[in-house]
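Asks: Quick one, structure for this:
(one chain, ligands or ions: 1)
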Amino acid sequence: MVSKLAVFCSKGEYGFNTKKYNRVYKESIENPGKYWGELAEKELFWFKKWDSVYEKKGFKCRWFEGGKTNITFNCLDRHLADGGDKIAYIWTNEQGEERKITYKELFEKVCKTSLLFKKLGVRKGDIVTVYMPQIIEQVISILACARIGAIHSVVYAGFSYQALSTRMTSADSRYLITADFTYRRGKKVDLLEVAREAAKESKTAVKKIVLVRESTTKLQENEISLEKETSSLNGFIDAQVMDAEDPLFILYTSGTTGKPKGIVHTVGGYSLYAHITTKYTFDVRKDDVYWCTADNGWITGHSYIIYGPLSNHMTSILYEGAPDYPTPETWWKIIEKYGATIFYTSPTAIRMLMSYGDKYPKGHNLTTLRLIGSVGEPLNSSAWLWYHKIIGQGKCSIVDTWWQTETGGHMITTLPGLDQKPGYAGLPYFGIVAKVVDRNGKEKKNGEKGNLIINGSWPSVLRDCWHDKKCFEGYYQKIKDCYFTGDIAVKDNDGYIRILGRSDDVIQVAGHGISSAEIESVVTSHKSVVEAAAIGVPDAIKGYKIIVYAVLVKSVQSSEDLEKEIIGYVGKVYGKHGRPERVEFVDKLPKTRSGKIMRRVLKAEEEKKNPGDISTLEN
Ligand code: WTA
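Replies: Modelled structure (predicted):
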């Protein structure tokens, strides 16, 4: 059913309304070279201008070829002349501790860290793995890589040592930057231990670099203290001149196979897209206090905590901790304390905080908020309405931004100033042609669900999957030459798009894409399990939760203890965010005659629904 409820929201700074959006959108589609070329010229600094805005070779596209820039120049250097004293980040944590850093200080620290990396032998094109908590030094380390042209590969600090070492080996990464610990719900979590295990396990010869938060941490051979080593380094280092198409980073994301995909983004196009989507989606103003609650271990942190906000010279809140720890009002306190004007979070967090009731947000002054956003999973209508009424006090625009690690930045959203519809991400971004099609690529009628695809290219489209050509080509093979998103969507008569979820075996748990195959391979590595199927079933708060069906080795009896053990095992081997909610022990898994596990039969069973066509089912 198509929701007809349109809510008028505050007009944005850039004055986008439906009429203006339609005009600019039309221009951007009819003449992308002109649209993106003019923006790149106006919005960014380039050491050398490009020869061509974009060049298409089959489905591959290269952007700003011949252009030379460095993203840290756009994020730091260019703001120093008359904006160095502006606060870049206000860091805070569960304990309410606080640190602030200005653009000038951030620039100086990035320079020092860049110098240290160089001293350690890191060169342009080397891959540096960053396994760190949400602290200012994490941002500094990432920027230092970008400044000297090293490719950063950030791994979410909730991942286990095995997941970390797999990613390091796959990227052939010889440098690992970590911190000794982080706090999670009041508990001190040892990251250094995980990093040490991962380095041991990794097939590449790792030189570790360790950041020490506590002076009592004992370092081993090959480990150095970032703080100590940089304190004696002084001076400025020029940003490495980068080709627009040089890689900026890789970021691993879950695929439909068990193997994580190293998504590659390049310097020029990504710089522009992260910058301009931040500016327009969040309607950036000079005195904004912006807070994106994502973790820098995921793409949202890369584009909308680090690169986009810095490039726009914004002040951001950087928070290390959980949404509801120590109390369900922690986040509302932070908004009130710092006078946040923009708040960007996930549907899971919204639903969780909504479940605690209105009294917590109502106990705080949230009137500074002017724009609120969502990302990671569909924001269902009831959560949308609560978010709008209670957090947005009925006056804030909601930007429900649909995008992916692969797209680098927002692809579908309702810009502030346009009519909003609860449950709908909204309209395609400028330059983006989004279609809902059937299996053959034929466009569906409005109101009918189908596969969401993107026609044509945009500056921050993934350029490659690291060392995996087949995986990269896979995005363009399902529907010839179109980018296949793997999501199911529906379009209404106004062109508004509603995202319904994934069409493949990636489960969105609390906004984290987790591959069924990867969880299955972890579960089957447990000594008592022969075979397993992992499925996602709807969950009121997390969007989806993981249920595992497991076949045990003959000699082992099923028991509650064993279930607990397996759940804990997944947490240890994969990372806590991948833990199944439940493990069901079965004698056999439903399979096709060719031996493929039919997860949809299990899903239907869980959801008490009709399993659909089961003619290929063997048992
Ligand atoms: C889902 C996160 C509905 C979607 C930025 C997509 C969403 C996957 C939304 C990518 C949204 C992201 N509404 N679904 N606003 N945003 N998704 O790579 O299924 O971690 O394919 O990037 O998240 O997840 P990823």
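Asks: Compute the number of surrounding residues for the closest residue to the ligand within the stretch 51-200 of the chain.
Replies: With C-beta to the nearest ligand atom as the measure, residue 156 is the residue of the stretch 51-200 of the chain nearest to the ligand, at 10.3 Å. (Glycine included, C-beta is placed from N, CA and C.) By the other C-beta atoms under 10 Å criterion, the neighbourhood of residue 156 contains 20 residues.
Asks: Kindly report the same for residue 525.
Replies: Going by other C-beta under 10 Å, the residues that sit close to residue 525 add up to 13.
Asks: Contact partners for the nearest residue to it once chain neighbours are set aside?
Replies: Nearest residue to residue 525, sequence neighbours excluded (C-beta to C-beta, 6 or more residues apart in numbering): residue 573, at 6.9 Å. For residue 573, the contacting residues are 160, 162, 163, 522, 525, by C-beta atoms under 8 Å, 6 or more residues apart in numbering.
Asks: try it again with 6 Å
Replies: By C-beta atoms under 6 Å, 6 or more residues apart in numbering, the contact list for residue 573 reads 160, 162, 522.
Asks: Likewise for residue 236?
Replies: Neighbours of residue 236 in contact, by C-beta under 6 Å, 6+ apart: residue 111.
Asks: Figure out the helix or strand that the residue of the chain positioned farthest from its centre lives in.
Replies: Note on the chain: the largest C-alpha distance from the chain mean falls to residue 555, namely 42.5 Å (C-alpha atoms, centre = their mean). Assignment of secondary structure by DSSP states H and E places residue 555 within no helix or strand.
Asks: Please report how far the residue nearest to residue 525 lies from residue 182.
Replies: 19 Å (C-beta to C-beta, to the nearest Å).
Asks: Check whether residue 131 really touches residue 154, as I assumed.
Replies: No. Applying C-beta atoms under 6 Å as the test, residue 131 and residue 154 come out as separate, 7.8 Å apart.
Asks: which bits of the stretch 151-300 of the chain sit near the ligand?
Replies: Neighbours of the ligand within the stretch 151-300 of the chain, by C-beta under 6 Å from any ligand atom: 253, 298, 299, 300.
Asks: before we move on, what about the stretch 301-450 of the chain?
Replies: Counting by C-beta under 6 Å from any ligand atom, the residues of the stretch 301-450 of the chain that sit close to the ligand are 374, 375, 376, 377, 378, 400, 401, 402, 403, 404, 405, 425.
Asks: Which parts of the stretch 351-500 of the chain are helices?
Replies: Secondary structure of the stretch 351-500 of the chain by DSSP state H, counting those that start in this stretch: the helices cover 359-362, 381-386, 469-474.
Asks: looking at the ones you listed, which is buried most?
Replies: Comparing these by mean neighbour count (mean count of other C-beta atoms under 10 Å), helix 381-386 comes out on top with a mean of 18.
Asks: Distance from the chain centre to it, please.
Replies: With C-alpha atoms, centre = their mean, to the nearest Å as the basis, helix 381-386 stands 23 Å off its chain's centre.
Asks: Please apply the same query to stretch 344-352.
Replies: Centre-to-centre, stretch 344-352 and its host chain are 14 Å apart (C-alpha atoms, centre = their mean).
Asks: what is the mean pLDDT for it?
Replies: The pLDDT scores in stretch 344-352 average 93.
Asks: Give me the contact list for that stretch.
Replies: Outside stretch 344-352, the residues that touch it by C-beta under 6 Å, 6+ apart are 292-293, 323, 373-374, 376-377, 379, 383, 387, 510-511, 541-542.
Asks: among the residues you listed, which are in strands?
Replies: 292, 373, 374 (DSSP state E).
Asks: Spatially nearest residue to the first one, not counting backbone neighbours?
Replies: Nearest in space to residue 292, with sequence neighbours left out and distances taken as C-beta to C-beta, 6+ apart, is residue 344 at 4.2 Å.
Asks: What parts of the stretch 451-600 of the chain come near the ligand?
Replies: Going by C-beta under 6 Å from any ligand atom, the residues of the stretch 451-600 of the chain near the ligand are 485, 486, 487, 499, 502, 508, 513.
Asks: what sits against the third one?
Replies: Read it as residue 487. Contact analysis of residue 487 by C-beta under 6 Å, 6+ apart lists 452, 499.
Asks: redo that, cut-off 8 Å
Replies: 402, 451, 452, 499, 500, 501, 502, 503.
Asks: Which of the residues you listed sits closest to residue 72?
Replies: Of all those, residue 72 sits closest to residue 402, with 28.3 Å by C-beta to C-beta.
Asks: In the stretch 251-400 of the chain, what residue lies closest to the ligand?
Replies: Nearest residue of the stretch 251-400 of the chain to the ligand, counting by C-beta to the nearest ligand atom: residue 378, 4.1 Å away.
Asks: tell me the pLDDT at that residue?
Replies: Reported pLDDT at residue 378 in the predicted model: 89.
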